[in-house]
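Visitor: show me the folded form of this:
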Amino acid sequence: MFELGLSGQMFDDRPVGDHLDAAVRFGYRCVELRSTHVNPGLPREELKRIRSAVEERGLYTSCLSCFVGNYGLYLDEECERAFETFKQYVELACFLNAEMIRVWPAWQESSSAPDSVWFTAAAWMKKSAQFARRFDKKLVMEMHHGTLCDSAPSSLRLLRMIGEENVGLTFDPVNLYQVPADYGEEAIKALGTYLFNVHIKDVVELQTGDYPYSFPYSYYAKHIGRFARVIPPPPDRKERYYCHRRINSGGVDWAHVLKSLHTHGYRGRLIVESVSETNKHMPSGRDLAEACYRDIRSLIEILF
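Guide: Numbers count the residues shown, from 1 in each chain. Below you'll find the predicted structure:
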């Protein structure tokens, strides 16, 4: 069955120790460490303390969830710099015994990206994969609205252009729900063995932005723009609004997703990536980590 892990996303504004303590306290098996908590710029002694903290709690680091890559939007010189940063994250993954590293190919919607973006992204992802293979590391491209991997067909197109076995996907049904793109059985079946990782969280689409804790679809461009260059959605596109919900209480059919993943052979991790942000009707921090664990276990017990 699926192994449950906890992303550090709900602890981005809190110490990494809060993330690790919540993971072990509520029964998670592993953690996905984010660059807000671990990055190559940290002193070696601090990184050693984090590695020891993970191991002493009986956890392991499944993936480094970092903002590296974005090759498709860069010129050659910028790609070289991004690649040098990526190599530092490979070294960090080795130090922290993380199996996977998240790499973004390009923050531009697949439907609007010209061939030059696809070719540049694929070439540098291939180079990154070949470097990572020397250290037995896998690369995951997160399926996310606003990127080349915003649907199953677009993700498969890029994966085939890259052509490296250690490059796969983090499947995120909530991100696809917001595109909107298929996140159900047909998509899961098509992606097959490219599914290296799964994020689990929930949101629901609203009719308007009247709810005080709603956020617009286009919010991603502002959010990600703090870390990387982003080609935002067209300004004339009608805005859509969402709000965060507890898992299996939003718009994603998680029962169908989990059944489909199981049917088509996925036996990997479900990484909780829920957030509450400003939503006062959602639990936050450790309370959210506990609620998510209970919600997922309850759903799995009913389904299987």
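
Visitor: which stretches in the stretch 51-200 of the chain count as helices?
Guide: For the stretch 51-200 of the chain, the helices defined by DSSP state H, counting those that start in this stretch cover 76-96, 115-133, 152-162, 173-177, 185-191.

Visitor: ok now the longest one, how far from the chain's centre?
Guide: Taking C-alpha atoms, centre = their mean, to the nearest Å, one finds the center of helix 76-96 at 18 Å from the center of the full chain.

Visitor: with the third one instead?
Guide: In terms of C-alpha atoms, centre = their mean, the centre of helix 152-162 is found 17 Å from the chain centre.

Visitor: export that helix as PDB, just CAs?
Guide: Written as PDB, here are the backbone C-alpha positions of helix 152-162 (Å, rounded to 0.1, in the frame of the first residue of the first chain):
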ATOM      1  CA  ALA A 152      -0.500  14.200 -19.000                       C
ATOM      2  CA  PRO A 153       0.000  14.700 -22.700                       C
ATOM      3  CA  SER A 154       2.300  17.700 -22.200                       C
ATOM      4  CA  SER A 155       4.300  15.800 -19.600                       C
ATOM      5  CA  LEU A 156       4.700  12.800 -21.800                       C
ATOM      6  CA  ARG A 157       5.900  15.000 -24.700                       C
ATOM      7  CA  LEU A 158       8.600  16.500 -22.500                       C
ATOM      8  CA  LEU A 159       9.600  13.200 -21.000                       C
ATOM      9  CA  ARG A 160      10.000  11.600 -24.400                       C
ATOM     10  CA  MET A 161      12.100  14.500 -25.500                       C
ATOM     11  CA  ILE A 162      14.400  14.100 -22.500                       C
END
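
Visitor: ok, and what's touching that helix?
Guide: Contacting residues not belonging to helix 152-162 are listed as 105, 110, 118-119, 121-122, 125-126, 129, 141, 143, 148-149, 167-169, 181-182, 186-187, 190-191, 194 [C-beta atoms under 8 Å, 6 or more residues apart in numbering]. All C-beta spots, glycine's among them, are computed from the backbone N, C-alpha and C.

Visitor: then the last one?
Guide: Under the contact criterion C-beta under 8 Å, 6+ apart, helix 185-191 has outside partners 151-153, 155-156, 169, 171, 176, 181, 195, 256-257, 260-261, 263-264, 266.

Visitor: and for the first one?
Guide: Contacts of helix 76-96 from elsewhere in the structure, counted by C-beta under 8 Å, 6+ apart, are 33, 38-40, 47, 50-51, 54, 61, 64, 66, 68-71, 74, 98-101, 103, 120, 124, 127-128, 131-132, 135, 137.

Visitor: contact partners for residue 113?
Guide: Residues in contact with residue 113 (C-beta under 8 Å, 6+ apart) are 72, 106, 148, 231.

Visitor: lovely, talk soon.
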